[in-house]
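In: Generate a structure from the sequence data that follows.
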Amino acid sequence: MEDKGPDFSKGSLISEVWGTEEDGTPYVERTYIEHNAALLRASKSKKYTKTKSYGATGSVEVSARFEYDSAERTVYVFDESGSYNQGGGVSDVEDYGTTTSGDGTSKATAKYSCRVNRNLGGWATYSVSVSCNYKGNKS
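Out: Got it, this is the predicted structure:
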């Protein structure tokens, strides 16, 4: 699988996972936190971005800002956005958009999904999600 490495314009890299989807498609998933982590920690707000690259067929990305309250044990999602960055060998894309879940609970999530028609591999759903708990930690 072709991989260009981390994109530090998205923030500081805090995790990297290489894996394979159920259909055998390899991927690399990276999670970033916005550069000014000290300021974000002071305001009880953090912005996470997660990317999932499927090599030549493209990648998906989701970003969200999470506001958390350790005393109340709650977290909320703001400014969520997602996208598919199309690579080669894809003839059609169905964009499912960005969704959120868990607002006001102990763990909130932002998720982006799309369905792509790979010329040699048929249809596949690409998705990526990022979550934050009430302590402000990626989960």
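In: So, low pLDDT: which residues of the protein?
Out: Screening the chain residue by residue with the criterion pLDDT under 70, one finds the ranges 1-2, 35-42.
In: Work out which residue lies at the spatial centre of this structure.
Out: In the chain, the C-alpha nearest the mean C-alpha coordinate belongs to Lys50, at 3.0 Å (CA atoms, centre = their mean).
In: Confirm for me that that one is in contact with Val130.
Out: Yes - A contact is recorded between Lys50 and Val130 when judged using CB atoms under 8 Å, the distance being 4.2 Å. Every residue, glycine included, has its C-beta placed from N, CA and C.
In: shared neighbours of the two, which are they?
Out: When CB atoms under 8 Å, 6 or more residues apart in numbering defines a contact, the residues bordering Lys50 and Val130 alike are 31, 62-63.
In: May I ask which of these has the most neighbours?
Out: Neighbours here are counted as other CB atoms under 10 Å. On that basis the top member of those is Val62, with 25 neighbours.
In: That residue sits in which helix or strand?
Out: Under DSSP states H and E, the secondary-structure element containing Val62 is strand 58-69.
In: So what are the sheet partners of that strand and their directions?
Out: If you go by DSSP bridges, strand 58-69 pairs up with strand 45-53 (antiparallel), strand 74-86 (antiparallel).
In: Tell me the spacing between the closest residue to Arg115 other than its chain neighbours and Asn119.
Out: Residue nearest to Arg115 in three dimensions, not counting chain neighbours: Glu94, with 4.2 Å by CB to CB, 6 or more residues apart in numbering. Distance of Glu94 to Asn119, given as CB to CB, to the nearest Å: 16 Å.
In: ditto for Arg65
Out: In this structure, Arg65 lies at 37 Å from Asn119, with CB to CB as the measure.
In: re the thing from before, spit out the contact partners of the residue nearest to Arg115.
Out: If a contact means CB under 8 Å, 6+ apart, then Glu94 has 114-116 as its contacts.
In: what helix or strand does it sit in?
Out: With secondary structure defined by DSSP H and E, Glu94 is part of strand 90-101.
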